[in-house]
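Novice: Pasting a predicted model and its sequence here:
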Amino acid sequence: MQVIILDTPEQVAEKSAQWVTEVIKQKPAAVLGLATGSTPISLYELLVEQYRHGDLSFADITTFNLDEYHNIAADNPQSYRSFMQKQLFDHVDIAPSRTYLPTCSSEQNPRLQGEAYEQKIKDKGGIDLQILGIGANGHIGFNEPTSSLSSRTRIKTLTKQTLTDNSRLFGQGEFQPTMAMTMGIATILEASYVLLMATGENKASAVKQMVTGPLNAMCPASALQLHQHAVILIDKAAASELT
Ligand code: F6R
């Protein structure tokens, strides 16, 4: 695990965009693992900008998102599919048929859906670069504290803290899903390269546990200590509890 501390969130986004761009230029048919949430939005903005300038193409790229709410329609504005369309897919030349999210409706069997997602990732040759954010409770994807370090894509009940953290994204009285499908920790660890972005003081404690704490299931992100090519890109505020 390599930790890089930059001054500002903007620099974290710029450095992340540089890395993603490098991967795409070296391997135009790369498989990218993507995250939603506030943190990677500025990364996606920079990638869209580069595409608009003609400096980058997603024509041969395949993407796998980390997670998706359980039983949510793709066109629901709160779905992670909608998020990805709005932040990235609608603005670049990516083939819609090569953008995957771990969906599961109430009519489907979550175990079978999870297995099919894992198989799809394998069929596409595995993830070259996985983008991650981190929850204030140390989660990666929706692998909440106590998630098994050997977990695979499956359904998870979101913790109270995650529901509270994410409630800012839902309007008054709007239904907030409490379950999601998520890649597992073992799935994430299989990516060739991992790039975790974290900014802001509210991530400082989780960053400290991930980087300096013991590897344990109460901080799922600490599993990245096992990864040989994991880069943690953080700003000063997120690094403020590192000594
Ligand atoms: C999103 C995801 C989550 C977020 C995390 C941080 O696909 O998997 O683990 O990365 O909750 O979210 P933000 O960036 O909103 O603080």
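Specialist: Arrived safely, thanks for sending. Residues are numbered from 1 along each chain as shown.

Novice: What residues does the protein have near the ligand?
Specialist: Within the chain, the positions near the ligand by C-beta under 6 Å from any ligand atom are 35-39, 66-67, 133-135, 139-142. Every residue, glycine included, has its C-beta placed from N, CA and C.

Novice: Let's see the PyMOL selection covering just the buried ones among those.
Specialist: Typed into PyMOL, the line below selects the buried ones among the residues of the chain next to the ligand, using 16 or more other C-beta atoms under 10 Å:
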select buried, resi 35+36+37+39+66+67+133+134+135+139+140+141+142
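
Novice: Just want to check the distance between Val211 and the ligand.
Specialist: Using C-beta to the nearest ligand atom, to the nearest Å, Val211 is found at 16 Å from the ligand.

Novice: Name the residues that touch the helix or strand bottoming out on mean pLDDT in the chain?
Specialist: Across the helices and strands of the chain, mean confidence by mean pLDDT, DSSP states H and E is lowest for helix 160-166: a mean of 90. With C-beta atoms under 8 Å, 6 or more residues apart in numbering as the test, helix 160-166 has contacts from Gly135, Ala136, Asn137, His139, Phe142, Glu144, Leu158, Gln176, Thr178.

Novice: quick check, nearest of the residues you listed to Ser57?
Specialist: Ser57 has its nearest neighbour among those in Phe142, at 30.7 Å by C-beta to C-beta.

Novice: Would you agree the closest one is in contact with Thr182?
Specialist: Yes. Using C-beta atoms under 8 Å, Phe142 is in contact with Thr182, at 3.7 Å.

Novice: can you give me the helices in this protein?
Specialist: Assigned by DSSP state H, the helices in the chain fall at 9-26, 41-52, 80-87, 110-123, 160-166, 185-189, 204-212.

Novice: So which of those helices is nearest Ser148?
Specialist: Closest to Ser148 of the helices of the chain, according to C-beta to C-beta: helix 185-189, at 7.0 Å.

Novice: how far is that closest one from where the chain is centred?
Specialist: A distance of 12 Å separates the centroid of the chain from that of helix 185-189, by C-alpha atoms, centre = their mean, to the nearest Å.

Novice: So for it, mean pLDDT?
Specialist: Taken as a whole, helix 185-189 has a mean pLDDT of 98.

Novice: Of the residues of the chain next to the ligand, which is the nearest to Val12?
Specialist: Thr39 (8.2 Å).

Novice: check contacts around the residue nearest to the closest one when sequence neighbours are not counted.
Specialist: For Thr39, ignoring the flanking residues on the chain, the nearest one in space by C-beta to C-beta, 6 or more residues apart in numbering is Gly133 at 4.1 Å. Contact analysis of Gly133 by C-beta under 8 Å, 6+ apart lists Ala35, Gly37, Ser38, Thr39, Pro40, Ile140, Leu196, Met197, Ala198.

Novice: repeat that for 10 Å
Specialist: Counting by C-beta atoms under 10 Å, 6 or more residues apart in numbering, Gly133 touches 35-40, 66, 139-141, 196-199, 203, 221.
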